[in-house]
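structure of the sequence below:
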Amino acid sequence: MRIRTTSVFITALVLWATCGLLSQSLLAQSSSAKTWSLPQGTTVKDLGPRTYRFTVDYTTANTKGETLRRQRLTGEYARGLAGREVVWKNVTEVDADGATGPFGAAQKRDFMEGFRYHNDLSSTLKPEFFKAFPPAAVFERNLVWDTGMIEHFGQDFFEHLKLNQPYHSISDDAVNMPDVGTFHNRDVVLEWIGRSQRNGQDCALINYQAFFNPLEIANGGMTLKGRSDYWGQIWVSVATKQIEYGTLNESVVGEMKLPGQDMTQTINVFRSGTLEPVSAK
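Numbering: from 1, shown residues only. Take a look at the predicted model:
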């Protein structure tokens, strides 16, 4: 009887331990599945104005990789205003010659001070949108388009993204840029590649990329025909869908003709930018 009772007792312990381990395993799998999926059907939570600093460096080089000129644009972009509006202020540009020349004094872009509009990327492509901008203000237009792009890629595709699975968000999309030229997205690929933290927020880390995009610019007598390759990463809070950090890289290679010149020259313009909050709610 003692042997049988002991055997039954040991069997019960084994079953109890097995059930416990199975329960823990199922709980871990359930927790993992929940952690590795993105919230569905949620909108961006704006609890008030939030200001970002957007800095973009332009480096112009020749075919030998020799740097000809460097330019840096910096601006403050605030979202979360009444009526889903956003506003720009303190936009400046500094320029430098060559790879090591010092940057000159900051040049304020007064026409962007207080530039306010409804936060809708498609509206920024309407001919009348930049009516207050000088025709040659291409870099300043890019600030608007780039922030809209980063928010669009980071906030509007949660329902389509699965971990480590590329998602083709845009294919064969021709874009007319008022007073600048045309841009053709060949294939924009988004990929949710993991979790991270920024500014105390649990974030989804999203890659974006688009290569071999035809580009034509005609502005102020200057023409450029070439191609654009761009890519970057976006940290998006899974709780609020706010952008906690974003990067932008773009390489433009093309044949450029300057005003009053018949000859073309091959140039490479490389852009690198960061978008980061400086105040948050």
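
neighbours of F103, how many?
The number of residues packed near F103 is 13, by other Cβ atoms under 10 Å. All C-beta spots, glycine's among them, are computed from the backbone N, C-alpha and C.

can you check D120 too?
Neighbours around D120, by other Cβ under 10 Å: 12.

ramachandran angles for the residue nearest to G148 when sequence neighbours are not counted?
Of all residues beyond its chain neighbours, the one nearest G148 is L121 (3.8 Å), with distances taken as Cβ to Cβ, 6 or more residues apart in numbering. Backbone torsions for L121, taken as degrees, to the nearest 10, come to phi -60, psi -40.

again with M112
Per degrees, to the nearest 10, the backbone of M112 is at phi -100, psi 0.

that one against T92, yeah?
No - here M112 does not reach T92: they are 9.6 Å apart, not a contact under Cβ atoms under 8 Å.

out of the two, which sits in the busier spot?
Using other Cβ under 10 Å as the criterion, M112 and T92 rank with M112 on top: 22 against 14.

for this structure, which segments are assigned as strands?
50-61, 67-79, 85-97, 107-108, 115-118, 167-177, 181-198, 201-219, 222-237, 243-257, 265-279 (DSSP state E).

what's in contact with stretch 155-167?
Residues from elsewhere that reach stretch 155-167 (Cβ atoms under 8 Å, 6 or more residues apart in numbering): 36-42, 44, 169, 189-194, 204, 206, 236, 241, 243.

now restrict these to buried residues only.
Neighbour-count burial (16 or more other Cβ atoms under 10 Å) applied to those gives 38, 44, 169, 189-193, 204, 206, 236, 241, 243.

tell me who's in contact with the residue positioned nearest the centre of the chain.
Central residue of the chain (Cα atoms, centre = their mean): I150, 3.0 Å from the mean position. I150 makes contacts with 232, 234, 243, 246, 248, 275, as judged by Cβ under 8 Å, 6+ apart.

between those residues, which is nearest G75?
Checking the contacts of I150 against G75 with Cβ to Cβ, the nearest one is L275 at 10.2 Å.

run through the bridge partners of the residue nearest to that closest one when sequence neighbours are not counted.
Closest residue in space to L275, ignoring its immediate chain neighbours: G246 at 4.0 Å, by Cβ to Cβ, 6+ apart. G246 has these beta-bridge partners by DSSP bridges: I234, L275.

from Q209, how far out is G246?
For G246, the distance to Q209 (Cβ to Cβ, to the nearest Å) stands at 14 Å.

E255 now?
24 Å.
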